[in-house]
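**Q** 3D model of this:
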Amino acid sequence: MTKLYGVVGDPISHSLSPVIHNAWIREHDLDATYEALHIPKGQFADGLATLEARKALGLNVTSPHKEAAIELAEGTSDAARRIGAANTLVRLKTGGWLAENTDAPGFTEALAQANIDIADQNVCLLGAGGAARAVALALSDMRATLTICNRTESRAEELVRHLNIKADIRSLEHAPAEMGKADLVINTLSIGQTGQALDLPEGKLRTFYDISYGKPAQAMLGRAEAAGWKPLDGLSMLVAQAAFSFEMWFGILPDMQGALARCRKLVEATS
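**A** You can find the predicted model right below:
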């Protein structure tokens, strides 16, 4: 019987995950399928029960269900526990789910692919929401000197306490000054989705990394490039975290570069 895998979220129709995973499934001649599965906000438990009835064996989890995925899982990996969110569920042989998080290693892999070494470097992280947690944990594990700029400083302080990491906290008003001192800037703010952008200091060919991609990333990355930054989007992180999920389900680490090239063509065609 064909094995079911998929990505769940609300909304979900925009997801590139089916393109990524189904190509890998074909490449490795696996008897499996990967679907985009819509579960409305607040209905994750019922949706998961339906997928269990359909014999689903693995799921990627995106907004707004990452925290609910941990709550309903039978087991939780150290990374998912530290981050407080799961982006991957693995069906256990004993029933139930193991909650995993491949966002942090996906981000680390994306930096490695870009030949960016941040050990002992000054990194400015913009934002302290759910997307920032995995990034902040990865940065701390890579021994970056971290400054977090967020509209609400208390939320950034809570992030630091939850992850048990070291970071300086600044309000978003201080972001231009902090970016001016940073070796690398990482944006996790969602302002690009509304076409907004922050004022940026002169980049001097430093890297400005936005974890989004496509249209949501255009405003910020366009402004960064104009200010002399080296702009990078989050498409490589998306592919890397998907690859690590795939490896957990099938025991195979798939071709990331081929998947990234396919996704880049799709994104450029629709941007």
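**Q** Please name the residues that touch the residue nearest the centre of the chain.
**A** Centroid-nearest residue in the chain: Asp103, 4.6 Å away (criterion: CA atoms, centre = their mean). Contacts for Asp103 (CB atoms under 8 Å, 6 or more residues apart in numbering) come out as Ile83, Ala85, Asn87, Ala134, Val135, Met237, Gln241. For glycine as for every other residue, the C-beta is placed from the backbone atoms N, C-alpha and C.
**Q** gap between the last one and Arg155?
**A** Separation of Gln241 from Arg155 (CB to CB, to the nearest Å): 23 Å.
**Q** ok, now the second one?
**A** Ala85 sits 15 Å away from Arg155, going by CB to CB.
**Q** what's downstream of the worst-scoring helix or strand of the chain on mean pLDDT, the next helix or strand?
**A** Sorting the helices and strands of the chain by mean pLDDT, DSSP states H and E puts helix 215-226 at the bottom, at a mean of 91. Toward the C-terminus, helix 215-226 is succeeded by strand 230-232 as the next helix or strand (DSSP states H and E).
**Q** Which residues outside that following strand are in contact with it?
**A** Ala114, Gly203, Leu205, Arg206, Thr207, Phe208, Tyr209, Asp210, Leu221, Gly222, Ala224, Glu225.
**Q** bridging residues for the residue lying closest to the last one once chain neighbours are set aside?
**A** It stands for Glu225. Among residues not flanking Glu225 along the chain, Pro231 sits closest, at 4.8 Å (CB to CB, 6 or more residues apart in numbering). When assigned by DSSP bridges, Pro231 has beta-bridge partners Phe208.
**Q** quick revisit: how about TSV for the contacts of Asp103, with neighbour count and pLDDT added?
**A** As requested, these are exported to TSV (neighbours: other CB atoms under 10 Å; pLDDT from 0 to 100):
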residue	neighbour count	pLDDT
Ile83	25	94
Ala85	23	93
Asn87	28	96
Ala134	30	95
Val135	27	97
Met237	28	97
Gln241	25	98
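**Q** mind listing which of the residues you listed are in helices?
**A** In helices, judged by DSSP state H, the following of the contacts of Asp103 are found: Ile83, Ala134, Val135, Met237, Gln241.
**Q** Which helix or which strand is home to Glu35?
**A** Assigned by DSSP H and E, Glu35 falls in strand 32-38.
**Q** Assign a three-state SS to Arg262, would you?
**A** Following DSSP: H, G, I helix; E, B strand; the rest coil, Arg262 is assigned to helix.
**Q** Tell me how many other residues crowd it.
**A** 15 (other CB atoms under 10 Å).
**Q** for the one 4 residues further on, same thing?
**A** As a burial measure, the neighbour count of Leu266 was computed by other CB under 10 Å and equals 13.
**Q** Tell me which helix or strand it sits in.
**A** Using DSSP H and E, Leu266 falls in helix 256-270.
**Q** tell me the angle that helix makes with helix 215-226.
**A** Put simply, helix 256-270 runs at 90 degrees to helix 215-226, going by axes from the mean of the first three to the mean of the last three CA atoms, to 10 degrees.
**Q** So what touches helix 256-270?
**A** 16, 19-20, 23-24, 109, 113, 213-215, 235-236, 238-240, 242-243.
**Q** Check stretch 140-159 too.
**A** Residues contacting stretch 140-159 (CB under 8 Å, 6+ apart): 104, 108, 111, 118-129, 132-133, 136, 139, 160, 163, 165-172, 174-175, 178, 182, 184.
**Q** could you flag which of these are buried?
**A** Buried residues within the contacts of stretch 140-159, defined by neighbour count using 16 or more other CB atoms under 10 Å: 104, 108, 111, 118, 121-128, 132-133, 136, 139, 160, 163, 165, 167, 169-170, 172, 175, 178, 182, 184.
**Q** Show me how far stretch 45-53 is from its chain's centre.
**A** Offset of stretch 45-53 from its chain centre (CA atoms, centre = their mean, to the nearest Å): 24 Å.
**Q** Give me the buried stretch members for it, please.
**A** Under 16+ other CB under 10 Å, the buried positions of stretch 45-53 are Gly47, Leu48, Leu51.
**Q** so where do the helices sit in the stretch 1-150 of the chain?
**A** Using DSSP state H, counting those that start in this stretch, the helices of the stretch 1-150 of the chain run over 17-27, 44-53, 66-72, 78-83, 103-113, 130-141.
**Q** Thanks a lot, see you next time.
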